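Participant: below is the sequence, then the predicted model.
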Amino acid sequence: MSWKRLQDKQLQERLKTRARIVQLIREFFIKEGFLEVETPIVVPSAGQEPYLNPFKIEFWDEQGHRKQGYLITSPEYSHKKLLAAGFEKTFEITRAFRAGEHFGGLHNPEFTMLEWYRANADYYLIMEDVEKMVTYVINALGHKNIEATEYQGKMIDLSSPWERLTMQQAWEKYAHISNGSTICDRTYLSRLCGERGYAVKANDTYDDLFFKIFLNEIEPKLGYPKPTILYDYPVSMAALARLKPSPQPSPIKGEGEKQVPLPEGEEGRRTGEGVAERFEVYIAGIELGNAFSELNDAQEQRRRFIEEQKLRKQLGKEPIPLDEDFLDAVGHMPPSSGIAFGVDRLVMLLTNAARIEDVLAFPASEIFKKM
């Protein structure tokens, strides 16, 4: 990469806006009573997600003893340890790292992650946080018409309330199936993929089949013209989220309970069968955030991790050691919720940038161009 790229006036303006956006995010959470924390980027055990690839590193102490670790794919484990220790509202703007992804477009191997967590709250409150935070940033930037923000030739209405769709509703709306509950059936998905011309292999997992249709027929349509909060994911995609209880009327009990009123027409959706309390937020077809009502059952979390380790091996990947301290902390967490949110992608949307490299001073696609 040549330093002369940084002389581009449009890039300079975007970098100045980026700095302002980061400042406003920090300002918002401090005003909301969150504590800004700093957690380690180098850790002895990274996330277990089978489809993520952490950077593995080696270093030495002063006596020459070799240490192995990972660069974080997310600061999630550290924040949950803070929740277990009694910290109730935390946020962090940090660097996260993921290998094996595209250089450019929507991805950079080193990127800026915003995460925040609430004790005694469910994922509905995080949905409210996301809307409020984005609205706060847009208004502070001086956007004259929040209801008509242009992104890549299309107009986006960023005003509240945002659209909320369950995963099953999204399949009915965009994949045009008559009964969204059938997406939980692998046999049905296999047949549907075949009917729609997707290549189907005998060893395709449920997730493989699901994403053949989701990534091509559903995801590109999300977030138009309003941002979309897509929630209640299939159980196999629960990750670190808890399952939605049924028939209890509320997933959160006890002192300090916090819930927000549901939008019109959504009353009663706090209960359900066969779904995880997880949501993702989309604007203009771009995924910005991934949130959970956090699992706080240590035994169940261990079981999921072991299953994910098995899948990593099947994919030909090296298993990642379990973070036993994290598993211990999970069992001491109060009912909680949290989200990982992509700062770079928010900057893209608010500066009308088509590619992530257009909002980074030193993107990997440039600095590693000749390697």
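Facilitator: In hand now; what should we look at?
Participant: centre of the chain to the lengthiest helix in the chain, how far?
Facilitator: Across the chain, the longest stretch assigned as helix under DSSP state H is helix 9-31. Centroid separation for helix 9-31 versus its chain: 20 Å, with Cα atoms, centre = their mean, to the nearest Å.
Participant: after it, next one along is what?
Facilitator: Downstream of helix 9-31, the first helix or strand assigned by DSSP states H and E is strand 35-36.
Participant: show me what that following strand is packed against.
Facilitator: helix 9-31, strand 89-97 (3 or more Cβ pairs under 8 Å, 6 or more residues apart in numbering; DSSP states H and E). Every C-beta, even on glycine, is put in place using the N, C-alpha and C of the backbone.
Participant: format those as TSV; extra columns: mean pLDDT, distance to Leu209 and mean neighbour count.
Facilitator: Formatted as TSV, the helices and strands packed on strand 35-36 follow (pLDDT from 0 to 100; distance: least, Cβ to Cβ, whole Å; neighbours: other Cβ atoms under 10 Å):
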stretch	mean pLDDT	distance to Leu209	mean neighbour count
helix 9-31	98	37	15
strand 89-97	99	29	19
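Participant: just send these back as CSV, with distance to Leu52 too.
Facilitator: Putting the helices and strands packed on strand 35-36 into CSV (distance: least, Cβ to Cβ, whole Å) gives the following:
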stretch, distance to Leu52
helix 9-31, 24
strand 89-97, 10
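Participant: looking at those, which is nearest to Gln152?
Facilitator: Comparing those against Gln152 with Cβ to Cβ, the closest turns out to be helix 9-31 (14.4 Å).
Participant: who does the longest helix of the chain touch, helix- and strand-wise?
Facilitator: Counting contacts by 3+ Cβ pairs under 8 Å, 6+ apart, helix 9-31 packs against strand 35-36, strand 89-97, strand 110-119, helix 123-141, helix 343-351.
Participant: could those be laid out in JSON lines, adding distance to Glu217?
Facilitator: As requested, these are exported to JSON lines (distance: least, Cβ to Cβ, whole Å):
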{"stretch": "strand 35-36", "distance to Glu217": "40"}
{"stretch": "strand 89-97", "distance to Glu217": "29"}
{"stretch": "strand 110-119", "distance to Glu217": "27"}
{"stretch": "helix 123-141", "distance to Glu217": "24"}
{"stretch": "helix 343-351", "distance to Glu217": "22"}
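Participant: so where is the protein shaky, pLDDT-wise?
Facilitator: Residue ranges of the chain with pLDDT under 70: 246-273.
Participant: which stretches of it form helices?
Facilitator: Under DSSP H, the chain gives helices at 9-31, 76-85, 123-141, 167-174, 186-195, 206-213, 298-314, 324-330, 343-351, 364-367.
Participant: I'd like those written out as CSV, with distance to Pro161 added.
Facilitator: Shown next, in CSV, are the helices of the chain (distance: least, Cβ to Cβ, whole Å):
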stretch, distance to Pro161
helix 9-31, 18
helix 76-85, 27
helix 123-141, 7
helix 167-174, 16
helix 186-195, 31
helix 206-213, 28
helix 298-314, 33
helix 324-330, 33
helix 343-351, 18
helix 364-367, 37
